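A.B. asks: Turn this into a structure:
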Amino acid sequence: MNALGQPIGLPLADTSPRPVPPRTDMVGRYCSVVPLSPDHADDLYTAFRADEEDRIWTYLPNGPYHDPAEFRAWVDAAIAQDDPLMHAIVVDGRAVGHASYLRINPTSASIEVGFINLSPALQKTRAATEFQFLMMQHAFDELGYRRYEWKCDALNAPSRRAAERLGFTYEGTFRQATHYKGRNRDTAWFSILDKEWPKLRSRFESWLSEDNFDTVGVQIRPLQAP
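C.D. replies: All right, here's what the predicted structure looks like:
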């Protein structure tokens, strides 16, 4: 309550603007998340073309690409932007997916992860979870952001399941939020707050540990385990 008896938000010890994410490498045990560069274009194109049905492009605003030159042109344009700030996900020296920071708001200390595209070679691997952890860790622990967002087409069930598995909280759906590829998009919003991050960080570290996988690489403890 303020002096007038009105309910107000909790006071904050630090309201200073957070740093804009630098173009830097985030290195883990199973993958690295690095600033997107022209050198990644050929590997990404090859990795994405392994999805012959183009399923990975349905809920993205761009693609699919069936011409290497057209895809390289998209990479060149993406690199020139600071928001979205595109990154390649590199496993064993090859780019096999991409993701970005976007809607970067240093003043309110809010940042979103999105523009995620995982090739078949990356899907359902340890690296597919670790890259998410690396980007969260960088945003919360190194840059000091208070809010980490995830948004997706409300009809994108795999994306919604992924958000929930990773520890995001569903906040609601913005109806007719935008349109893309000639169709409507209702957008589902999810978030993780800085006060929730320490517990989630421990879960990620436990899940990513070598002792969480049996001799054939199957997980022993799920990510949601306490």
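A.B. asks: What's the local residue count around residue 221?
C.D. replies: Residues within reach of residue 221, counting by other C-beta atoms under 10 Å, total 14. All C-beta atoms are positioned from the backbone trio N, CA, C, and that covers glycine.
A.B. asks: One more: the one 3 residues further on?
C.D. replies: Applying other C-beta under 10 Å, we find 11 residues neighbouring residue 224.
A.B. asks: Can I take it that it is in a strand?
C.D. replies: No: applying DSSP: H, G, I helix; E, B strand; the rest coil, one finds residue 224 to be coil, outside a strand.
A.B. asks: Ramachandran coordinates for it?
C.D. replies: Taking degrees, to the nearest 10, you get phi -80, psi 0 for the backbone angles of residue 224.
A.B. asks: got it, and residue 198?
C.D. replies: Backbone torsions for residue 198, taken as degrees, to the nearest 10, come to phi -60, psi -40.
A.B. asks: Helices of the protein, residue ranges please.
C.D. replies: With helices called from DSSP state H, the chain shows them at 41-49, 68-79, 126-137, 157-166, 197-208.
A.B. asks: Residue 100 is nearest to which of those?
C.D. replies: Proximity to residue 100 (C-beta to C-beta) singles out helix 68-79 among the helices of the chain, at 8.2 Å.
A.B. asks: beta partners of residue 89?
C.D. replies: On the basis of DSSP bridges, residue 89 is bridged to residue 33, residue 97.
A.B. asks: what's around it, how many residues?
C.D. replies: The tally of other residues near residue 89 (other C-beta under 10 Å) stands at 31.
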